[in-house]
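**Student:** model this:
(one chain, ligands or ions: 6)
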Amino acid sequence: MKSLIFLLLAVLAKLGSSLDVTVARSYAVRQYTLLSQQLSNDDPSSGFITTANPLNAYWDKNDVTRWTVGFYGGSLWTLYKLTRDNYWRNLALEFQERVKERQYDTNTHDVGFVIMSTFGLCLEYTTGNENIAVPVITQAAASLASRFYPLARVLRSWNNDEGHGGVPGEVKVIADNMMNLELLFKAAELTGDRIFSDIAVSHANRTIEEHFRPDGGTFHVVAYNETTGNVQRKYNWQGLRDNSTWARGISWVIHGYITSYQKSNGTFPRFLEYAEIAANYFITRLPPDFVPYWDFDADFETTYQPRDTSAAAIAAHGLLTLYTVTGNQTYFDTAEKIMENLISEKYRSDGKPEYKVSSIFVNGTVFYHERNTNTAIVYGDFYFLQALDLYIELTQ
Ligand SMILES: *[C@@H]1O[C@H](CO)[C@@H](O)[C@H](O)[C@H]1NC(C)=O
Ligand SMILES: *[C@@H]1O[C@H](CO)[C@@H](O)[C@H](O)[C@H]1NC(C)=O
Ligand SMILES: *[C@@H]1O[C@H](CO)[C@@H](O)[C@H](O)[C@H]1NC(C)=O
Ligand SMILES: *[C@@H]1O[C@H](CO)[C@@H](O)[C@H](O)[C@H]1NC(C)=O
Ligand SMILES: *[C@@H]1O[C@H](CO)[C@@H](O)[C@H](O)[C@H]1NC(C)=O
Ligand SMILES: *[C@@H]1O[C@H](CO)[C@@H](O)[C@H](O)[C@H]1NC(C)=O
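**Tutor:** Ligands and ions are numbered 1, 2, ... in the order given. So this is what the prediction gives:
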């Protein structure tokens, strides 16, 4: 009788999930097998893949200083997790050596993205590599922590000499910065040094005060006055306008708050509360195919507006994580719908005969104002693989 009930439950659980994970996984493996073979012919000094015009077979590359350089490694690690095939593990181990030097980078908050998608996943998905990963993660966290500005209680995201609408005398924080706190929580856990998690908590806490609007939407940039620590101005860089909600910005916020809630062991209920506020904003404004336009305030009713598949993939992983914490079915169902639509002909990289790129998705928006739209994006693929892995854990 007991086993019958378990069988019934297992059948029900299966019925409850509608994404064909076998198809999704083998498609992703096929695309990245092609990509990894193509890249194996390249001189490593040619740089790191970031984005690609789907009509080209080759990805555009950047040098090691870019914020995106770790994500291909993150996809290699996640493919290893999804397949347990050492092909991916060996590539991932080899690849992460190429970004290792970034552990010393004190010039940007993005060191969290770079190191957690490589050495962070190495530590999580393998055993026996602690001696490689732990020192790199700890050093990277120290580099990030050096950017803490106590007067404003935040980490500085962008340096003032970088442009980005900056003026001297400001500490600029972008919504994206929420994603890099996981590095600090991890370092606190590994070293027992609470300074790392105290900084992460302080940053997340102030970001609640300043980046959220009453409707649950989020500002992209908040600039603090360097001498007073007060807010100087709130403005936009990658979104439509100063008071709009840039789709990827709020995806980072959903993901960043639920991760911060989890990694601070549930100590700060506000982090969960604001992850849900951002998620609710995101969910209620999605178009019928669940893949957001590049900005939630873009005029999609009268003019063509590009989507951002990367924002969709980041949010899918964030929403599945929210589901694991809250059990709220809406988060699971929305994430599933996002993933089903992403993997459909409309957005996948073999969806049209003219597409040549070896990626998982097209139709990402890197930077609307630079006309960098409808591209493959390395982090869109990565967060989808992360979401797929969690989806499989929850359903199989
Ligand atoms: C910061 O605040 C001080 C004191 O109010 C002011 O004098 C200074 O101009 C502000 N800095 C900037 C960059 O506006
Ligand atoms: C979070 O911010 C609130 C108000 O801004 C403050 O009262 C509280 O002490 C802060 N908590 C932490 C842990 O920083
Ligand atoms: C943003 O500001 C514009 C112009 O002031 C206003 O028309 C619009 O309603 C505002 N949008 C939001 C989301 O606050
Ligand atoms: C969360 O719990 C883990 C395991 O007990 C611990 O190592 C870590 O320091 C805790 N993190 C925080 C921010 O309290
Ligand atoms: C579940 O999440 C949805 C979307 O944010 C929200 O509208 C709903 O109230 C939540 N349900 C519960 C029981 O919290
Ligand atoms: C996706 O990108 C292609 C060009 O690469 C474009 O033709 C198509 O309209 C885009 N899809 C959407 C939904 O915007």
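**Student:** ok, the spatially most central residue of the chain to Ala279 distance?
**Tutor:** Central residue of the chain (C-alpha atoms, centre = their mean): Ile314, 4.9 Å from the mean position. From Ile314 across to Ala279, the span is 12 Å (C-beta to C-beta, to the nearest Å). Heads up, the C-betas are built off the backbone N, CA and C, glycines and all.
**Student:** list residues touching both of these two?
**Tutor:** Ile254 (C-beta atoms under 8 Å, 6 or more residues apart in numbering).
**Student:** quick revisit: isn't the residue nearest to the centre of the chain up against Ser251?
**Tutor:** Yes. Between Ile314 and Ser251 a contact is recorded at 4.0 Å, counting by C-beta atoms under 8 Å.
**Student:** low pLDDT regions in this structure?
**Tutor:** Residue ranges of the chain with pLDDT under 70: 1-16.
**Student:** quick one, longest helix in this protein?
**Tutor:** Ranked by residue count under DSSP state H, the longest helix found in the chain is helix 21-40.
**Student:** Can you name the residues in contact with it?
**Tutor:** Here helix 21-40 makes contact (C-beta under 8 Å, 6+ apart) with 49, 57-59, 75-76, 79, 82-83, 91, 339, 343, 348-350, 358-360, 381, 384-385, 388, 391-392, 395-396.
**Student:** chain center to whichever helix or strand comes after that helix, what's the gap?
**Tutor:** Remark: after helix 21-40, the chain's next helix or strand is strand 48-49, criterion DSSP states H and E. Between the centre of strand 48-49 and the centre of its chain there are 17 Å (C-alpha atoms, centre = their mean, to the nearest Å).
**Student:** Please shift the residue numbers so they start at 5 in all later answers.
**Tutor:** Noted, 5 is the first residue going forward, which turns the last one into strand 52-53.
**Student:** which helices and strands does the helix or strand following strand 52-53 pack with?
**Tutor:** Next in sequence after strand 52-53, counting helices and strands by DSSP H and E, comes strand 55-56. Judged by 3 or more C-beta pairs under 8 Å, 6 or more residues apart in numbering; DSSP states H and E, the packing partners of strand 55-56 are strand 380-381.
**Student:** immediately after the strand it packs on, which helix or strand?
**Tutor:** helix 382-399.
**Student:** Mind listing what's buried along that next one?
**Tutor:** For helix 382-399, the neighbour count (16 or more other C-beta atoms under 10 Å) marks 382-396, 398 as buried.
**Student:** Taking those, tell me the two that lie furthest apart.
**Tutor:** Val382 and Leu398 (25.2 Å; C-beta to C-beta).
**Student:** What parts of the stretch 205-354 of the chain come near ligand 5?
**Tutor:** 280, 283-284, 287, 332, 334 (C-beta under 6 Å from any ligand atom).
**Student:** Is Tyr76 in contact with Ile53, as I believe?
**Tutor:** Yes. Between Tyr76 and Ile53 there is a contact under C-beta under 8 Å: 5.5 Å.
**Student:** Pull up the overlap in contacts between the two.
**Tutor:** Common contacts of Tyr76 and Ile53, defined by C-beta under 8 Å, 6+ apart, comprise Val382.
**Student:** what's the closest non-adjacent residue to Tyr359?
**Tutor:** Closest residue to Tyr359 apart from its sequence neighbours, by C-beta to C-beta, 6 or more residues apart in numbering: Pro58 at 4.4 Å.
**Student:** swap in Thr55?
**Tutor:** Thr55 sits nearest to Thr379 (C-beta to C-beta, 6+ apart), 4.5 Å away.
**Student:** before we move on, back to that, mind listing what's buried along the helix or strand encompassing the residue nearest to the centre of the chain?
**Tutor:** Following DSSP H and E, one finds Ile318 within helix 313-330. Within helix 313-330, the residues that qualify as buried by neighbour count (16+ other C-beta under 10 Å) are 313-327, 330.
**Student:** bridging residues for the residue nearest to Gly368 when sequence neighbours are not counted?
**Tutor:** The spatially closest residue to Gly368, leaving aside those adjacent along the chain, is Ile381, at 3.6 Å (C-beta to C-beta, 6+ apart). Ile381 forms beta bridges with Thr55, as assigned by DSSP bridges.
**Student:** Count the neighbours of Ile381 for me.
**Tutor:** By the other C-beta atoms under 10 Å criterion, the neighbourhood of Ile381 contains 30 residues.
**Student:** how about the residues of the stretch 255-400 of the chain that lie near ligand 4?
**Tutor:** Residues of the stretch 255-400 of the chain lying close to ligand 4 (C-beta under 6 Å from any ligand atom) are 268-269, 271.
**Student:** Buried members of those into PyMOL, please.
**Tutor:** Under the burial definition 16+ other C-beta under 10 Å, those of these that qualify are selected in PyMOL by:
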select buried, resi 268
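**Student:** Could you export the residues of the stretch 255-400 of the chain next to ligand 4 as a markdown table, including secondary structure and distance to Glu134?
**Tutor:** Formatted as a markdown table, those follow (DSSP: H, G, I helix; E, B strand; the rest coil; distance: C-beta to C-beta, whole Å):
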| residue | secondary structure | distance to Glu134 |
| --- | --- | --- |
| Ser268 | coil | 23 |
| Asn269 | coil | 21 |
| Thr271 | coil | 26 |
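**Student:** Which parts of this structure are strands?
**Tutor:** Here the chain has its strands, by DSSP state E, at 52-53, 55-56, 65-66, 152-153, 158-159, 174-178, 225-229, 235-239, 380-381.
**Student:** partners of the first one in the sheet?
**Tutor:** Same thing as strand 52-53. strand 65-66 (antiparallel).
**Student:** Give me the phi and psi for Asn247.
**Tutor:** With angles defined as degrees, to the nearest 10, Asn247 sits at phi -110, psi 20.
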